[in-house]
Structure formats: structure tokens, C-alpha cells
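Peer 1: Have a look; sequence and predicted model below, questions after that.
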Amino acid sequence: MRLTGRQFRARPSRAITLLGMSGVGKTRLASRLRRQHWFHYSGDYRIGTRYLGEPILDNIKRQLMTVPFVRDLLRSDSIYVENNISIDNLAPLSTFLGKLGDPERGGLDLVEFKRRQRLHEQAEVAAMLDVPQFIERAQAIYGYRHFVNDAGGSLCELSDPRVMEVLAEHTLVIYISASEADRQALVERAVAGPKPMFYRESFLDERLAQYMGERQLEYVALVDPDDFVRWVFPRLFEARVPRYEQIAKRYGYTLQAAQLANVESADDFVDLVADLLDRS
């Protein structure tokens, strides 16, 4: 979607897709807009509730079944398990995605890890292709005039070309670019608290081989899951930046993360985007 600043301001209903690495401020901005009558569509929430809800619960139940006391209660239907995922708490999705490596340290073997990665990619594609219907539902059912799609940090890794075509047709695509200081802060955060990530399979294969060579490891089962995430995150970040820049160049626009610091309201955001469109 290509607009001038005046056209954007004049639209009775605005639809935005926010792109960028996890931690760059997409969800914080979308949550602020949500409090001011924008419909907040979280791609990760949709993935966790609609497309990976069953696999997430199955994974939790497998863990619970290793505890005899809980296993007996589950088998007798005395208790049940629910997925309490929310926009502000996506831990069940992260837990399902998991980390690669030593099972004694909570890691997954390579076959299972890749299986979950493929499921996540399929789910993310489906969640993004759902955006047009949710724009319509947000207006027709819930009465929201404006819509913000809070896309996951792995969107640039998706191989299905339909995703960006659909998003660009129905929303204004805005990439939030991290400064060098922002990038350093995100890397430090990942090192301090390594979290499950999605990787393109070719990237994973290449970097895993490099990591195991550097660590002189013969088997994936010897990989320290947290150490691998700490090691690979800066390399993943650097690989994703040009992908996002290419998407923004072809389909949308780029905002610097620092520009969001002064956004206190939906009106501030509209002004910021309108100025961006006019400069572009």
C-alpha cells in the first residue's frame, strides 16, 4: 500500500503492519495503540491460539505425564490443562518452539527441533494470510476503525511469497529499524536471557555446523542449548537486517526505533507516519 501523508490522514480506517526484530518496540507501540481504539492483531498470539494450540498443549501434557501423580489425574480426567497464552505472555509458544541441544539441559534433538520449526513457519504464514479477514472482522464485529498488525520478528524468514503480497495490499507496511545502540542492547538481552528462536533451515544448518566446529562437538546432543542461542543470536540479527531492509524497500517504509520514543498517543503515531510518507 502506497499513500501520501494527506491520504493516510484522510483515511477513515487505517491498517498498519509493523515489522522488525523482536524487542525493537513493535508490541509496545501496538499495545499503546490498542488502548486508543486500534485493533491489535498479534501474529504470535494467533499462531499460539489458532494454529499451534494443540501441539503446544500436547507438549505440556507430555511433560506432565512424566510426573506419576499428575499423570494419574490427567488419565482419570480429574484435572485438565489449558493454554493460557496472551498477547502479553507468549511463553507457551516459546516453550513449544524450544531450543536445540542436550536433552539433559532441556534441549531438543535436531529432527524434533526442525519439525517444530516447520510447524511454526506454516502457522506464521497462515496467521499473516488471516490479516485481511481480521481487518474486516475488527470493523464489522468489534467496531474498531483502525488496525495494527504486530508481526513476529521472524516474518522476514518466511519463504511463502504470498505473505508480503497480501500484507502490502491490505496494510501500510512499516519496518522499525534498530540503531546500532538498539542492536547492541538486543544482543545483550539475548545473551542474558536466551530464548527460543525461529531459523531458516539453511541458516540453521550452516550456523550449527560452524558452532559445532568451533566448540569441537561431534553430536548435536552435546550442544548446550543456551550457549548456542547466545552464540547464534548476533549472527541471526545480522542476517535478518538486510532481509527486512529489502522488504521495506519493495513493500513499505522504514522508521527508526528511536523515532518511536516520542510517540505517546495514536495521534502522535499518525503524525509520525504521515511525515514519513511525505518524506518518502
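Peer 2: Looks like it arrived, so ask away. The structure presented is a predicted model; accordingly, all values stated were derived computationally and were not measured.
Peer 1: got a list of what the residue located most distally from the centre of the chain touches?
Peer 2: Residue distances from the centre of the chain (CA atoms, centre = their mean) peak at residue 76, which lies 36.9 Å from the mean C-alpha position. By CB atoms under 8 Å, 6 or more residues apart in numbering, residue 76 lies in contact with nothing. For every residue, glycine as well, the C-beta is placed using N, CA and C.
Peer 1: Quick one: name whatever helix or strand follows the helix or strand containing residue 242.
Peer 2: Secondary structure from DSSP states H and E places residue 242 in helix 225-251. Scanning forward in sequence from helix 225-251 by DSSP H and E, the next helix or strand is strand 253-256.
Peer 1: What ranges does the stretch 1-150 of the chain have for its strands?
Peer 2: Read by DSSP state E, counting those that start in this stretch, the stretch 1-150 of the chain holds these strands, from start to end of the chain: 15-19, 38-42, 146-150.
Peer 1: Including mean neighbour count, distance to residue 187 and mean pLDDT, could those strands go into CSV?
Peer 2: Putting these into CSV (neighbours: other CB atoms under 10 Å; distance: least, CB to CB, whole Å; pLDDT from 0 to 100) gives the following:
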stretch, mean neighbour count, distance to residue 187, mean pLDDT
strand 15-19, 25, 19, 97
strand 38-42, 23, 24, 97
strand 146-150, 25, 22, 97
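Peer 1: need the ones you listed in CSV with distance to residue 117, can you?
Peer 2: Rendered in CSV, the data for the strands of the stretch 1-150 of the chain read as follows (distance: least, CB to CB, whole Å):
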stretch, distance to residue 117
strand 15-19, 20
strand 38-42, 20
strand 146-150, 21
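Peer 1: now the protein, which segments are flagged as low pLDDT?
Peer 2: Residues of the chain that meet the criterion pLDDT under 70 are absent altogether.
Peer 1: now with 90?
Peer 2: For the chain, the stretches with pLDDT under 90 are 1-4, 22-25, 60, 62-63, 79-92, 179-183, 186-187, 189-191, 260-262, 280.
Peer 1: follow-up on the earlier one: against residue 66, how distant is the residue farthest from the centre of the chain?
Peer 2: Plainly put, residue 76 is 17 Å away from residue 66 if you go by CB to CB, to the nearest Å.
Peer 1: ok, now residue 163?
Peer 2: With distances defined as CB to CB, the gap from residue 163 to residue 66 amounts to 38 Å.
Peer 1: Quick check on the two: which one has the bigger neighbour count.
Peer 2: A count of neighbours by other CB atoms under 10 Å puts residue 163 above the other of residue 163 and residue 66, at 21 against 8.
Peer 1: Residue 80 - how many residues pack around it?
Peer 2: For residue 80, the number of neighbouring residues by other CB under 10 Å comes to 9.
Peer 1: Without its sequence neighbours, what residue ends up closest to it?
Peer 2: Distance criterion CB to CB, 6 or more residues apart in numbering; nearest residue to residue 80, sequence neighbours excluded, is residue 74 at 7.8 Å.
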